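Engineer: My questions are about this predicted structure, shown below with the sequence.
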Amino acid sequence: MTAVLFTCAGQRVDIVTAFREAGATTIAADVDRLAPALYHADHHATVPRVDDFGYVDALRELVELHDVKLIVPLTDLDHHVLAEARGDLGGALALVSGIETVARCSDKYLAHLFFEEQGIGTPPTWLPTDLPDDIRYPVLVKARKGFGSRHIHRAANEAELEFFLHYTAVDSMVQAVCLGTEFSIDVFCDLDSRCLAAVPRTMIESKGGESIKGMTIRDTELIEFGCRVSEALRIIGPANVQCFREPNGELQVTDVNPRFGGGFPLPTAAGSRYPELALALAGGERPEPRLGDFREGIVMTRYFAQVILEDAGGGLEPVQAEAVPEQA
């Protein structure tokens, strides 16, 4: 069984569980001992913050302890660290894109410029110091480096735009609001950035930037767009491409997250087999593309769940639910 180390495990119980069901031995790591995903893995550990000098050392110790073959980051927080330390992780494969790709995806303005250079559709976007006189409202004031829909403000006119540019506390850009229909495309690429799979889904409802309701669709144009964007960026492993189909039919990419997306359970239920593809890469295999090989019309609607813990010899362990007696 391949041992997989998940970094910044947080609440990503869905991903840890999917890899276990695919046959992996799972090790979850997080700075917070109350991170729920820790308690759904075969083994778990607390580690320093990603900006701590001891972070990579702690990961390498876990790799050696559990004979880890694959490291999968579950948030954007440590991508740059892992990309830089790729050769210093005890021989484990870090499923993370290269440093240049990580830098582009983490800075939304740099990503916009890159898409323009590549001839890939992207909404008109400007720095606050370079706004045109004929700007079309509404527009969005967006953090250049942000996630989870944080620091995004919609301005309906010049007065609101001026207010939000002064109000925001982070380095921001201004972007035209897309008028079409929003989609997400969950892609997976091999170590040569060849797109192996792309599963488009509708965005029925989102909260905090994360999809909570959606449906898989077999849309050839979206599949091809996901492949084009991910291969142009030279993605390694998973990524989530967010885009709009505008009224004129043009596809415009608004964000690319080089990790498993928040809607991961939906493509998994549709048969994406992304954990199996990741395990194959860790085993030195070169899987063939399986574009379009998923079930369409699969719907996801999400809910809250919890992990109940209790002290067990100085550590926390999940509480085993007691059987409820049957009513007479």
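Structural biologist: Cool, the structure landed.
Engineer: how many other residues sit next to the closest residue to residue 86 other than its chain neighbours?
Structural biologist: Of all residues not flanking residue 86 in the chain, residue 94 sits nearest, at 5.2 Å (CB to CB, 6 or more residues apart in numbering). (Glycine included, C-beta is placed from N, CA and C.) Residue 94 has 25 neighbours, counted by other CB atoms under 10 Å.
Engineer: Contacts only, for residue 94.
Structural biologist: 71, 73, 82-83, 85-86 (CB atoms under 8 Å, 6 or more residues apart in numbering).
Engineer: try 10 Å
Structural biologist: Residue 94 makes contact with 5, 7, 59, 70-73, 78-79, 81-88, 236-237 under the criterion CB atoms under 10 Å, 6 or more residues apart in numbering.
Engineer: And it, what's its pLDDT?
Structural biologist: pLDDT for residue 94: 98.
Engineer: rewinding a little: please flag which of the contacts of residue 94 sit within helices.
Structural biologist: Among those, the ones falling in helices (DSSP state H) are 59, 79, 81-84.
Engineer: Could you pick out the buried ones from the contacts of residue 94?
Structural biologist: 5, 7, 59, 70-73, 78-79, 81-83, 85, 236-237 (16 or more other CB atoms under 10 Å).
Engineer: closest to residue 307 among the residues you listed?
Structural biologist: residue 7 (19.0 Å; CB to CB).
Engineer: Show me the beta-bridge partners of that closest one.
Structural biologist: residue 73 (DSSP bridges).
Engineer: Which positions within the helix or strand bottoming out on mean pLDDT in the chain qualify as buried?
Structural biologist: Ranking every helix and strand in the chain by mean pLDDT, DSSP states H and E puts strand 205-207 at the bottom, with a mean of 82. When neighbours are counted by 16+ other CB under 10 Å, the buried residues of strand 205-207 are found to be residue 206.
Engineer: For stretch 69-83, what does the pLDDT average out to?
Structural biologist: 97.
Engineer: what's the span of it from first residue to last?
Structural biologist: Stretch 69-83 has its terminal residues 16 Å apart, counting by CA to CA, to the nearest Å.
Engineer: Let me see the ranges of the helices in the stretch 101-250 of the chain.
Structural biologist: 108-118, 158-167, 220-233 (DSSP state H, counting those that start in this stretch).
Engineer: With adjacent residues omitted, what lies nearest to residue 170?
Structural biologist: Nearest to residue 170 is residue 143, by CB to CB, 6+ apart, at 4.6 Å.
Engineer: Wait, the one you found touches residue 108, no?
Structural biologist: Yes - in this structure, residue 143 is within contact of residue 108 by CB atoms under 10 Å, at 7.6 Å.
Engineer: If we ignore the residues flanking it in sequence, what's nearest residue 309?
Structural biologist: residue 316 (4.3 Å).
Engineer: got a list of what the one you found touches?
Structural biologist: When contacts are counted by CB under 10 Å, 6+ apart, residue 316 touches 33-34, 38-39, 44, 307, 309-310.
Engineer: can you redo the residues you listed as CSV with pLDDT and secondary structure?
Structural biologist: CSV is the format used below for the contacts of residue 316 (pLDDT from 0 to 100; DSSP: H, G, I helix; E, B strand; the rest coil):
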residue, pLDDT, secondary structure
33, 95, coil
34, 97, coil
38, 97, helix
39, 96, helix
44, 97, strand
307, 92, coil
309, 94, strand
310, 93, strand
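Engineer: any idea how far residue 74 is from residue 65?
Structural biologist: Computed as CB to CB, to the nearest Å, the residue 65 to residue 74 distance reads 20 Å.
Engineer: the more surrounded of these two?
Structural biologist: residue 74 (24 against 14).
Engineer: Next, the contact list for that one, please.
Structural biologist: Residue 74 touches 6-12, 14-16, 28-30, 35, 37, 259-260, 264, counting by CB under 10 Å, 6+ apart.
Engineer: Among those residues, which are located in strands?
Structural biologist: Per DSSP state E, strands hold the following members of the contacts of residue 74: 6-7, 28-30.
Engineer: could you dump those residues to JSON lines with distance to residue 100 and pLDDT?
Structural biologist: Below are these laid out as JSON lines (distance: CB to CB, whole Å; pLDDT from 0 to 100):
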{"residue": "6", "distance to residue 100": "24", "pLDDT": "98"}
{"residue": "7", "distance to residue 100": "21", "pLDDT": "98"}
{"residue": "28", "distance to residue 100": "29", "pLDDT": "98"}
{"residue": "29", "distance to residue 100": "26", "pLDDT": "98"}
{"residue": "30", "distance to residue 100": "27", "pLDDT": "98"}
